[in-house]
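A.B. asks: Generate a structure from the sequence data that follows.
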Amino acid sequence: METKINVLSESEHELEVSLGYDEIKNEIEEAYKKERKSITLPGFRKGKVPIPMLKKIYGEMIEYKASEDIANKKFWEIVDEQKLEPISTPQLSDLDFEIGKHLKFKVKYDVKPKIELKDYKGLEIEKPVFKVKDEDVEAEIKNILKAHSKFEEAEKIEDENYRVTLDLVRKDEENKEVDGTKNEDVVVDLSDPKVNEEITKNAIGKKVGDTFTFSFTDEHKHGDEVHKEEYTYEATIKKIEKIVPPEINEEFVKKISQNKAKTLDEFRQNLRKEFEDYLNKQSEDIYLNSLLSKVVENNDFKVPQGYVELLERQMLKTELENAKAYGYKDIDENKIREQIRPRAEWNAKWQVILTNIAEKENLKVTDEELRELAKKEAEKTGISEDKLFKYYKDSNKAELMLEEKVVNFLKENNIAKEIDPAEKAKEKEKQTDKKEETK
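C.D. replies: Numbering: from 1, shown residues only. The predicted structure is shown next:
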């Protein structure tokens, strides 16, 4: 077998293969055996036609059909042997087969192009630093306590710590009931800050059977015009329940903290730590996304479209599987494809760039590292080290580890400029106001 790689462009290669007939004779014989199973001839049962007779009658058809399958099989064998790394669906561009003589073929495929890297080190990228506010922690504690509160029926609303059941009806300007606007058994938590202030204010002091009114303004846009409309409602109180918070003792704190705290202060500290961890992760994610986006922007290039399409198909498959799992029906596949196309394009560029960074900075994942990982995981899972190592070798584990190395390299070689997002928002607002004034 003779092979040759033709470099058609920076991102497109062509594998040229020449095989003697003797080298594919076994595959040809297997093709005859396979076709024999479905062929019937007069005087012979299905699958029992002698091979020599098959060759005489159908030989040319069977062998030409087999030649394409053999070319495909040989291509992937050569890919594995020579570590060619095609990044898109290969295309058979030429097939020259002569029975008894030879099989020659050419396959075109995309590869990750070599690009001239620039501006991927020494960048200054903004990193928002989110701070945990005391009021956020207290609000969460309040919500948790409310979730464990009891409700005791009462006759009168003394303050906002009550839940009421109301019948509501809208009134017009003449204080007449608007047809079709009655809503019964509406439950309202007066302590909820999202509840209309007028409802809470006007309900306090009222008893079961009393009525009160409240209004709210509906504000919405039609094009550039802002429309405001005020509605007035009358509420009849059908039921009053006092919100009775739980007794805060060691048993209760253990329950809500899943045995991580004994006192409310300990629980408060744990809650603050959870908030901090969450916000720190958000900060890190935003910084990393900004960093990678900047690196891709600084190294923009025309990515092989076959690679984009391959990633798009993979993403589409995942999205459709997720939609099916969540029970969504009437899925618009074309719309989903349009939505994921920009992501597929960006990911294709990033994958090419990270490969080039890894090569330039000599970042690699060795068999020793895979073996070490397999050893650690074997101790945790009970699966043998050899099985895990083989799985890592056969899967894309090395690619994922290499990406992690490249990402860590970029984080180490670029500057994270910490900013206060609230201050940043104020600055942006001022700039917008100045622009509006200039107009």
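
A.B. asks: for the longest helix that the chain contains, packing partners?
C.D. replies: Taking DSSP state H as the criterion, the chain has its longest helix at helix 264-298. Helices and strands touching helix 264-298, by 3 or more Cβ pairs under 8 Å, 6 or more residues apart in numbering; DSSP states H and E, are strand 124-128, helix 134-147, helix 250-257, helix 333-360, helix 397-412. From N, CA and C alone the C-beta is placed, and that goes for glycine too.

A.B. asks: Please tabulate the ones you listed in a markdown table, including the columns distance to Thr40 and mean pLDDT.
C.D. replies: A markdown table is the format used below for the helices and strands packed on helix 264-298 (distance: least, Cβ to Cβ, whole Å; pLDDT from 0 to 100):
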| stretch | distance to Thr40 | mean pLDDT |
| --- | --- | --- |
| strand 124-128 | 71 | 96 |
| helix 134-147 | 73 | 93 |
| helix 250-257 | 75 | 95 |
| helix 333-360 | 41 | 95 |
| helix 397-412 | 49 | 96 |
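
A.B. asks: picking that back up, what angle separates the longest helix of the chain from helix 134-147?
C.D. replies: On the basis of axes from the mean of the first three to the mean of the last three Cα atoms, to 10 degrees, helix 264-298 is oriented at 120 degrees to helix 134-147.

A.B. asks: between the helix or strand that helix 264-298 is followed by and helix 333-360, how many degrees?
C.D. replies: Of the helices and strands lying after helix 264-298 in sequence (DSSP states H and E), the nearest is helix 305-325. Angle, helix 305-325 to helix 333-360, by the same axes, to 10 degrees: 130 degrees.

A.B. asks: Residues contacting helix 305-325, please?
C.D. replies: 87-89, 109-110, 112, 331, 333, 336-337, 340-341, 343-345, 347-348, 351-352 (Cβ atoms under 8 Å, 6 or more residues apart in numbering).

A.B. asks: Repeat the analysis, applying 6 Å as the threshold.
C.D. replies: The contact list for helix 305-325, computed with Cβ atoms under 6 Å, 6 or more residues apart in numbering, reads 87-88, 110, 331, 336-337, 340, 344-345, 347-348.

A.B. asks: my read is Thr213 is in a strand, agree?
C.D. replies: Yes - judged by DSSP: H, G, I helix; E, B strand; the rest coil, Thr213 forms part of a strand.

A.B. asks: now the helices and strands packed on helix 264-298 in CSV, with distance to Leu288 and mean neighbour count?
C.D. replies: Converted to CSV, the helices and strands packed on helix 264-298 look like this (distance: least, Cβ to Cβ, whole Å; neighbours: other Cβ atoms under 10 Å):
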stretch, distance to Leu288, mean neighbour count
strand 124-128, 9, 16
helix 134-147, 24, 13
helix 250-257, 31, 14
helix 333-360, 12, 17
helix 397-412, 7, 16
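
A.B. asks: Now render those as TSV, adding distance to Asn280.
C.D. replies: TSV is the format used below for these (distance: least, Cβ to Cβ, whole Å):
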stretch	distance to Asn280
strand 124-128	11
helix 134-147	15
helix 250-257	21
helix 333-360	24
helix 397-412	14
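
A.B. asks: closest one to Tyr32 among those?
C.D. replies: Closest approach to Tyr32 among those is made by helix 397-412 (40.3 Å; Cβ to Cβ).

A.B. asks: Strands of the stretch 101-250 of the chain, start to end?
C.D. replies: Here the stretch 101-250 of the chain has its strands, by DSSP state E, counting those that start in this stretch, at 102-110, 124-128, 150-154, 162-171, 183-189, 211-222, 225-244.

A.B. asks: give the contact list for Thr217.
C.D. replies: Counting by Cβ under 6 Å, 6+ apart, the residues that Thr217 touches are 228, 230.

A.B. asks: Could you do Ile51 as well?
C.D. replies: So Ile51 contacts Tyr32 (Cβ under 6 Å, 6+ apart).

A.B. asks: what about it, distance to Leu19?
C.D. replies: Separation of Ile51 from Leu19 (Cβ to Cβ, to the nearest Å) stands at 22 Å.

A.B. asks: shaky segments in this protein?
C.D. replies: Along the chain, the model assigns pLDDT under 70 to residues 220-224, 432-439.

A.B. asks: Domain ranges for the chain, per the record?
C.D. replies: Per automatic domain parsing, the structural domains of the chain span 2-110, 150-244, 264-438.

A.B. asks: Kind regards, and thank you for your time.
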